[in-house]
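>>> Show me the folded form of this:
(one chain, ligands or ions: 1)
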Amino acid sequence: MKIIRVQDQIAGGQTAFSIIKDAMEKNKLNVLGLATGSTPLSLYDQMIHSSLDFSDVVSINLDEYVGLPAENKQSYHYFMQEQLFKYKPFKKNYLPDGLAKDADRECKRYDEVLATHPIDIQILGIGQNGHIGFNEPGTPFDSLTRKVELTASTIEANQRFFEKKEDVPTHAFSMGINSIMQSKQIILLAYGKAKAQAIKAMIEESANENCPASALQHHPEVSVIVDHEAAMLL
Ligand code: GLP
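Residues are numbered from 1 along each chain as shown. Coordinates of the predicted model:
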């Protein structure tokens, strides 16, 4: 893993953007894997304000809450639309369908999307408990897309986006650890001291399923972009 320390979230967004820009200029970005949460917003801001044209690029998101329609303001469909897609059109945007009635079929469909569109660069944030996508601690490293139950700590952490805790969905569809590991290149972003413990476990502990992000130690091309607070325990 290549650790890149930056001043703050703005600088982190600029650093991640320059990696994406470089790949685009070399015609090496056909499929971009995207993440939600507050962390990638400075990157999306850079993309929006750039002259880069993503209309030949396919995007694939990591996850979506089960039970939320695309119009729901807390859904990841809505988030992506508002934070990126309405400003920068892509060739096609893929996200899991939170309303899919048949979960197994939806997961299979998503794995087929991933098989036909191998991800060139995957953007990741990280949960305070080390989750990536919605792969909570204990997720097998060979996991593919599936329906997952969110942990109490993730529900707690994501509560800030909802009016009340009861509104936070209890399940999500998420790409698995193995699906993420298939990406040719990965950029993981983390800012703030709430992420420091997860960053330490991801980098310094031997890879184990209690810290899902530690699987990335086995990936050949990972850039970890961290501010001083997220890196403070390293
Ligand atoms: C959610 C998402 C993750 C994201 C995490 C951290 O759980 N499923 O992909 O990395 O939140 O969110 P934030 O960036 O807001 O800290």
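
>>> The helix-or-strand element of the chain with minimal mean pLDDT: which residues count as buried?
Every helix and strand in the chain was compared by mean pLDDT, DSSP states H and E; the lowest is helix 152-158, with a mean of 90. Buried residues in helix 152-158, counted by 16 or more other CB atoms under 10 Å: 154-155, 157-158. For the C-beta atoms, the positions are set from N, CA and C on the backbone; glycine is no exception.

>>> Equivalent analysis for stretch 227-234, please.
227, 229-231.

>>> And stretch 132-140, by the same measure?
132-137, 139.

>>> ok so, going back, for the ligand, state which of the buried residues of stretch 227-234 is nearest.
residue 230 (10.3 Å; CB to the nearest ligand atom).

>>> Look up phi and psi at residue 116.
phi -90, psi -20 (degrees, to the nearest 10).

>>> What segments of the chain are strands?
Assigned by DSSP state E, the strands in the chain fall at 2-6, 31-34, 58-61, 63-65, 92-94, 121-124, 146-149, 171-174, 185-190, 222-227.

>>> which parts of the chain sit against the ligand?
35-39, 62-63, 125-127, 133-134, 154, 158 (CB under 6 Å from any ligand atom).

>>> Buried ones from those, can you make that a ChimeraX selection?
Selection of the buried residues among the residues of the chain next to the ligand in ChimeraX, burial being defined by 16+ other CB under 10 Å:
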select :35,36,37,39,62,63,125,126,127,133,134,154,158
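
>>> Restricted to helices, list the residues of the chain next to the ligand.
154, 158 (DSSP state H).

>>> okay, the residues of the chain next to the ligand in a markdown table with distance to residue 181 next?
Listed next are those as a markdown table, based on distance: CB to CB, whole Å:
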| residue | distance to residue 181 |
| --- | --- |
| 35 | 15 |
| 36 | 20 |
| 37 | 20 |
| 38 | 24 |
| 39 | 20 |
| 62 | 13 |
| 63 | 16 |
| 125 | 17 |
| 126 | 15 |
| 127 | 17 |
| 133 | 11 |
| 134 | 16 |
| 154 | 21 |
| 158 | 24 |
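
>>> Out of the residues of the chain next to the ligand, flag the one nearest to residue 29.
Lowest distance from residue 29 to the residues of the chain next to the ligand (CB to CB) belongs to residue 35, with 16.0 Å.

>>> Quick check: of the buried residues of stretch 227-234, which lies closest to residue 77?
Out of the buried residues of stretch 227-234, the member with the shortest distance to residue 77 (by CB to CB) is residue 230, at 27.8 Å.

>>> For that closest one, give me its contacts.
190-193, 195-196, 199 (CB atoms under 8 Å, 6 or more residues apart in numbering).

>>> just residue 102 next, same as before
Residue 102 neighbours (CB under 8 Å, 6+ apart): none.

>>> 10 Å - rerun?
Listed by CB atoms under 10 Å, 6 or more residues apart in numbering, the contact partners of residue 102 are 108-109.

>>> The residue most central in space within the chain and residue 188: what is the separation?
Centroid-nearest residue in the chain, with CA atoms, centre = their mean: residue 35, separated by 3.0 Å. The gap separating residue 35 from residue 188 is 9 Å, by CB to CB, to the nearest Å.
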